[in-house]
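Asker: Got a sequence here, can you build the structure:
(chains A and B)
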Amino acid sequence: AQSVSQHNHHVILSEAASLELGCNYSYGGTVNLFWYVQYPGQHLQLLLKYFSGDPLVKGIKGFEAEFIKSKFSFNLRKPSVQWSDTAEYFCAVYGNNRLAFGKGNQVVVIP
Amino acid sequence: EAQVTQNPRYLITVTGKKLTVTCSQNMNHEYMSWYRQDPGLGLRQIYYSMNVEVTDKGDVPEGYKVSRKEKRNFPLILESPSPNQTSLYFCASSPRREHSGNTIYFGEGSWLTVV
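Answerer: Presented below is the predicted three-dimensional model:
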């Protein structure tokens, strides 16, 4: 079964700082990769997804992620965060009819 | 409007009292699934269904049951709830059995507390 690892569960940074969240997955087949964001008290929203083509994927709200097949990674980046980016971020991998999530990164942006 | 609707949104119940969390989608999706979200553990899949009358276990199925008698509904049943099932539950649906490239729609979540 596939699995996802996210590191640095708690991230605190100041506005305008750059953000990078790591995501490593394990799965032997063709993968489809996702990043979701969950704002406080809300449900999951899709930030971006990768299933083929350009490994650099751009999503909503200025986020992007890069799929590196050789490293089994799909790291999320944002060059300059805002206070409104305070949320929990989940990486997910789909394979074998199942969507597996990482444990999430709690990101707090200080104004 | 495309949506996944869960009910109840908030529930406090007692150990052993059977309860059902309903999930309904209005998009004619084949694939539906249930997740529970716990602090530090992310989202873990409980059960999923690839179509009517087709269900399968996810990562943490113990203590739960599901049914898929109609395409639009996928209720989650806790026959005898226990405190370790206190969690935030999400229902999700997708247009095809493969999520590949398709948008996965999540419900707004159901906060369940078992005392």
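
Asker: use CA for all of it now, contacts and neighbours both
Answerer: Fine.

Asker: Next to chain B, which bits of chain A? Give me the list.
Answerer: Contacts of chain A with chain B, taken as CA under 8 Å from any CA of the partner chain, map to A:9, A:32, A:42-45, A:49-51, A:90, A:94, A:97-104.

Asker: Selection in ChimeraX covering whichever of those are buried, please.
Answerer: The buried subset of the residues of chain A next to chain B, as determined by 16 or more other CA atoms under 10 Å in any protein chain shown, is captured in ChimeraX by this line:
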select /A:32,43,44,45,49,50,51,90,94,98,99,100,101,102,103,104
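
Asker: if you look at the residues of chain A next to chain B, which of them are in strands?
Answerer: A:N32, A:Q45, A:K49, A:Y50, A:F90, A:Y94, A:R98, A:L99, A:A100, A:F101 (DSSP state E).

Asker: from what I can see the third one touches A:L33, true?
Answerer: Which is A:K49. Yes. Between A:K49 and A:L33 there is a contact under CA atoms under 8 Å: 5.6 Å.

Asker: coming back round to it: tell me the two of the ones in strands among the residues of chain A next to chain B that are most distant?
Answerer: Spatial extent of these (CA to CA) is set by the pair A:Q45 and A:R98 at 18.0 Å.

Asker: Name the nearest residue to A:T30, ignoring sequence neighbours.
Answerer: A:G95 (7.2 Å; CA to CA, 6 or more residues apart in numbering or on different chains).

Asker: tell me the contacts of the one you found?
Answerer: For A:G95, the contacting residues are A:Q2, A:Y27, A:G29, A:T30, A:V31, A:N32, by CA atoms under 8 Å, 6 or more residues apart in numbering or on different chains.

Asker: Just confirm the third one is within a helix.
Answerer: No. A:G29: not assigned to a helix; according to DSSP: H, G, I helix; E, B strand; the rest coil it is coil.

Asker: How many neighbouring residues does it have?
Answerer: A count of nearby residues for A:G29, using other CA atoms under 10 Å in any protein chain shown, gives 10.

Asker: For it, give its distance to A:N96.
Answerer: 8 Å (CA to CA, to the nearest Å).

Asker: Burial check on B:C23, number of neighbours?
Answerer: Neighbours around B:C23, by other CA under 10 Å: 25.

Asker: For it, list each beta-bridge partner.
Answerer: B:Q6 (DSSP bridges).

Asker: you'd agree it is up against B:T5?
Answerer: Yes. Judged on CA under 8 Å, B:C23 makes contact with B:T5 at a distance of 5.6 Å.

Asker: what's the overlap in contacts for those two?
Answerer: Joint contacts of B:C23 and B:T5 (CA under 8 Å, 6+ apart) are B:G107.

Asker: Dump the C-alpha coordinates for stretch A:97-109 into CSV.
Answerer: These are the backbone C-alpha positions of stretch A:97-109, laid out as CSV (Å, rounded to 0.1, in the frame of the first residue of the first chain):
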residue,chain,number,x,y,z
ASN,A,97,-8.0,2.9,-5.8
ARG,A,98,-7.0,4.6,-2.6
LEU,A,99,-5.9,8.0,-1.5
ALA,A,100,-3.4,8.1,1.3
PHE,A,101,-2.6,11.2,3.2
GLY,A,102,0.5,12.4,5.1
LYS,A,103,0.1,13.5,8.7
GLY,A,104,0.1,17.1,7.8
ASN,A,105,2.1,20.2,8.4
GLN,A,106,0.7,22.8,10.7
VAL,A,107,1.8,26.2,9.4
VAL,A,108,1.5,29.4,11.4
VAL,A,109,2.4,32.7,9.7
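
Asker: Sweet, I'm off.
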